[in-house]
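K.L.:
Below are the sequence and a predicted model; questions follow.
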Amino acid sequence: QVQLVESGGGLVQAGGSLRLSCAASGRTFSNYAMGWFRQAPGEEREFVAASSWSGGSTYYANSVKGRFTISRDNAKNTVYLQMNSLKPEDTAVYYCAAGYWSGSYRARNYDHWGQGTQVTVSS
C-alpha cells in the first residue's frame, strides 16, 4: 500500500503558474508509475500527465502539452506537476495516482489515489 498526499493547489489568475506536489509514503515509491488526473464539477475524471518509474518517460494530455510538466524525485518520494500558462478551463480538483502501468491514461490502471487538491484559475 502507498499513501499519497497532494499539495500546492490554490487560486491563480489566467496566465499564471502553480506547482503541485504529491508526497508518497508506504511502499517503495520508485516501484510505481505516477499519474496526474483532474476532475471539474460535473465532469468525468480526466488524464493530465504521467511519468514512468524512473521519470525518464513522460506523457501528457493534448490539452496541457507544452504548458504542464510532470517530474519526480524518487529520493524524496515526490512527484510534481508544474503548471504554466494556466487557463480557466484548467480549473479542477487535481489528483495524483500510483500504479504499475507506465504512461497509462486510464484511471482504472492506477491503484492508489490521493485526496486531491483544488486548482482554480480566474479569468
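P.N.:
Perfect, thanks for sending it. These numbers were taken from a predicted model, which means no experiment stands behind them.
K.L.:
Can you tell me the centre-most residue of this protein?
P.N.:
Trp36 (2.4 Å; Cα atoms, centre = their mean).
K.L.:
Tell me the bridge partners for that one.
P.N.:
Beta-bridge pairing for Trp36 (DSSP bridges): Ala49, Cys96.
K.L.:
list the contacts for it?
P.N.:
For Trp36, the contacting residues are Leu20, Cys22, Val48, Ala49, Ala50, Ile70, Val79, Leu81, Tyr94, Tyr95, Cys96, Ala97, by Cβ atoms under 8 Å, 6 or more residues apart in numbering. Placement of C-beta: from N, CA and C, glycine included.
K.L.:
Secondary structure of the first one: a strand, I assume?
P.N.:
This means Leu20. Yes - Leu20: assigned to a strand according to DSSP: H, G, I helix; E, B strand; the rest coil.
K.L.:
And it, how far from Val79?
P.N.:
9 Å (Cβ to Cβ, to the nearest Å).
K.L.:
Between those two, which contacts overlap?
P.N.:
With Cβ under 8 Å, 6+ apart, Leu20 and Val79 have common neighbours Trp36, Cys96.
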